[in-house]
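What follows is a predicted protein model with its sequence.
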Amino acid sequence: MKIVFAISEVEELVKTGGLADVGKALPLALHSEGEDVAIVMPYYKSIADTFHLDTICDTQTLFTEGKVYHFDVRALAWHGITVYFVDYPEYFMRDGLYSNAYDAYEDNGERFSFFSGAVLQTLQALSFTPDVIHCHDWHTAMLPYLLNHERSGFFEQTKTVFTIHNAAFQGVHSLEKIPFLRHHPHIFSQVHGGYINMLQTGIECASKVTTVSPNYADELLTDLGSHGLHERLVKRKADLSGILNGCDYSQWNPATDAYLPENYSVDNLQPKRVCKTTLQTRSGLPENAGVPLIGMVCRLTEQKGFGYILPILDDLVQHNLQIVIVGTGNPKVCMDLGEFAQQHPTQFAFINGFSSEHAHLVEAGADFFLMPSQFEPCGLNQMYSLAYGTVPIVRAVGGLKDTVVDLDTGHGATGFVFDEPTPRALLACIRRALLFYYEWPTQFKDMQERGMRTRFTWEAAAKDYLRLYLAMFQA
């Protein structure tokens, strides 16, 4: 099967978030299954500066009323597959992918609408007729629409899959600011009040719609969980499925992790104590292997649950515990966490910034990992935490609910889960975890080991996607 990934970022080539992790891991997993996989993405400045790639075909041209786009196609042989790059410097030769240091680019709607069209033109120029074009998030959401209105016949047998990685980001743009689409003969079917909601268009036009965990798929069918897209998604319910993201255990393995002061495994957890005291020292907390240490690494946003965390910090430090939070984001949250750390220097540490080394050390050195998200389409840190024997404390949303088994279920528990979106519910869950840590140390170790034996692989995700791809041609 010929599969093309149309995506805006790929880990190892260019990355701003978790979308890039999927952009690398899933194509490679499908390639390992024997499929013919290619990736098409923009030729960003950072990629051009690193790779200096040659063009592989004649310069391509796209026309719209009032504008002509000349772009080149470049290629990179990468881990056994080919990555094709759309080279249009006016749109992609910028320091940031989606924004400058302060704001999102005003022409993002135009940039990525053009990219969607350029993907189709690139495939035709290369005589590459895919069975499936797999599109990701709002950046490529216009591609299924453009393909459905493409009249050359080149894509007559091609199906499209559109994956929603986070429905909160929908790509809503004024049609007046999108020259590439403004004069498309059918575009007004997608315009509401002068604006296009690109995520909505992808949902309506793709052959199949997926998201990154089964529970998040269920949440998207509700008014509360769909970020305003409930009615559109309910109409596509028969074509919507949730396939859980995998975890890259080659990068997240405590037995081989080069960032750790000592490595450990499920058969020998003792060195994890060294990781804990190292984390305490580097975070400015007193060394104490016996005190429960709660870690958190994330963007400091409302989504990540700081509306639940901040109101209970005073209650938490009444307990014998330590907390380390690492991240950047909302300035008000940063200020509140920084002030609290100054007031409670022996129990609370806040590191305003991000480094891979600190992220890995928190996963290894903490006893618990905190993820009380408002919503979480899939989540990866809870998977990392399980692999590192760091017990997750999570809210029962999205992929967190799919991957963490609460102690009270009575079977196969791997963490602590709360449901109600309130500070008090989070506080009760943390207290439950602390009690378990102090009162049942043997069972706590059993929980750690059970989590370390849990696996969420990209191989499993790839098989699920292959079944979905094949089903589209059997219907």
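That came through, no problem.

tell me the phi and psi of residue 378?
Backbone torsions of residue 378, given as degrees, to the nearest 10, read phi -130, psi -60.

Can you give me every residue that contacts it?
Listed by Cβ atoms under 8 Å, 6 or more residues apart in numbering, the contact set of residue 378 reads 18, 165, 212-213, 216, 244-245, 398-399. From N, CA and C alone the C-beta is placed, and that goes for glycine too.

how much space between the residue lying farthest from the centre of the chain and residue 180?
Most distant residue from the mean C-alpha position of the chain: residue 66, 37.0 Å away (Cα atoms, centre = their mean). Applying Cβ to Cβ, to the nearest Å, the value for residue 66 to residue 180 is 10 Å.

returning to that earlier point: who wins for most neighbours among the contacts of residue 378?
Using other Cβ atoms under 10 Å as the neighbour criterion, residue 398 leads the contacts of residue 378 with 29 neighbours.

what's near enough to touch that one?
Neighbours of residue 398 in contact, by Cβ under 8 Å, 6+ apart: 213, 215-216, 219, 373, 375-379.

One more: residue 58?
Residue 58 touches residue 125, counting by Cβ under 8 Å, 6+ apart.

gap between the closest residue to residue 71 other than its chain neighbours and residue 145?
Nearest residue to residue 71, sequence neighbours excluded (Cβ to Cβ, 6 or more residues apart in numbering): residue 88, at 4.1 Å. The gap separating residue 88 from residue 145 is 20 Å, by Cβ to Cβ.

These two: which is more packed in?
Neighbours were counted for residue 88 and for residue 145 using other Cβ under 10 Å; residue 145 has more, 25 against 20.

Which residues does the helix or strand hosting the more buried one contact?
Using DSSP states H and E, the element containing residue 145 is helix 142-148. Helix 142-148 is contacted from outside by 6, 112-113, 116-117, 119-120, 133, 135, 155, 158, 160, 162, 181, 190, 198, 201-202, 204-207, using Cβ under 8 Å, 6+ apart.

continuing past it, what's the next helix or strand?
strand 159-164.

Direction included, what does that following strand pair against?
Partners of strand 159-164 in the sheet, by DSSP bridges, are strand 132-136 (parallel), strand 208-211 (parallel).

Please dump those into a markdown table; it should also carry distance to residue 226 and mean neighbour count for every row.
Putting the strands paired with strand 159-164 into a markdown table (distance: least, Cβ to Cβ, whole Å; neighbours: other Cβ atoms under 10 Å) gives the following:
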| stretch | distance to residue 226 | mean neighbour count |
| --- | --- | --- |
| strand 132-136 | 18 | 26 |
| strand 208-211 | 11 | 24 |
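
I'd like those strands laid out as CSV, including distance to residue 340 and mean pLDDT.
Shown next, in CSV, are the strands paired with strand 159-164 (distance: least, Cβ to Cβ, whole Å; pLDDT from 0 to 100):
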stretch, distance to residue 340, mean pLDDT
strand 132-136, 37, 98
strand 208-211, 35, 98
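
Could you dump those into JSON lines and include distance to residue 83?
Output for those, formatted as JSON lines (distance: least, Cβ to Cβ, whole Å):
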{"stretch": "strand 132-136", "distance to residue 83": "14"}
{"stretch": "strand 208-211", "distance to residue 83": "22"}
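
Among those, which comes closest to residue 345?
Nearest of the strands paired with strand 159-164 to residue 345, taken as Cβ to Cβ: strand 208-211 at 41.8 Å.

contact partners of the closest one?
Strand 208-211 has contacts (Cβ under 8 Å, 6+ apart) with 159-165, 167, 202-203, 217, 220, 233, 236, 239-243, 377, 465, 468, 472.

Pull out the buried members of those residues.
Neighbour counting over these (16 or more other Cβ atoms under 10 Å) leaves 159-165, 167, 202-203, 217, 220, 233, 236, 239-243, 377, 465, 468 as the buried ones.

quick one on the thing from earlier: give the buried residues for the helix holding residue 145.
142-147.

ok, back up a step: so who does the residue farthest from the centre of the chain touch?
179, 183.

same deal with residue 63?
residue 69 are the contacts of residue 63 under Cβ under 8 Å, 6+ apart.

let's go with 10 Å and repeat that
Residues in contact with residue 63 (Cβ atoms under 10 Å, 6 or more residues apart in numbering) are 69, 183.

now the one 4 residues further on
With contacts defined as Cβ under 10 Å, 6+ apart, residue 67 is in contact with 110, 114, 179-180, 182-183.

Same check on residue 356?
Neighbouring residues of residue 356 by Cβ under 10 Å, 6+ apart: 251, 259.

Against residue 375, how distant is it?
25 Å.

for the buried residues of helix 142-148, which one is nearest residue 46?
Using Cβ to Cβ, these come closest to residue 46 at residue 143, 23.2 Å.

now the closest one: how far from residue 249?
Taking Cβ to Cβ, one finds residue 143 at 31 Å from residue 249.

sorry, back to before: what about the residue farthest from the centre of the chain? Give its phi and psi, please.
Dihedral angles (degrees, to the nearest 10) for residue 66: phi 90, psi 0.
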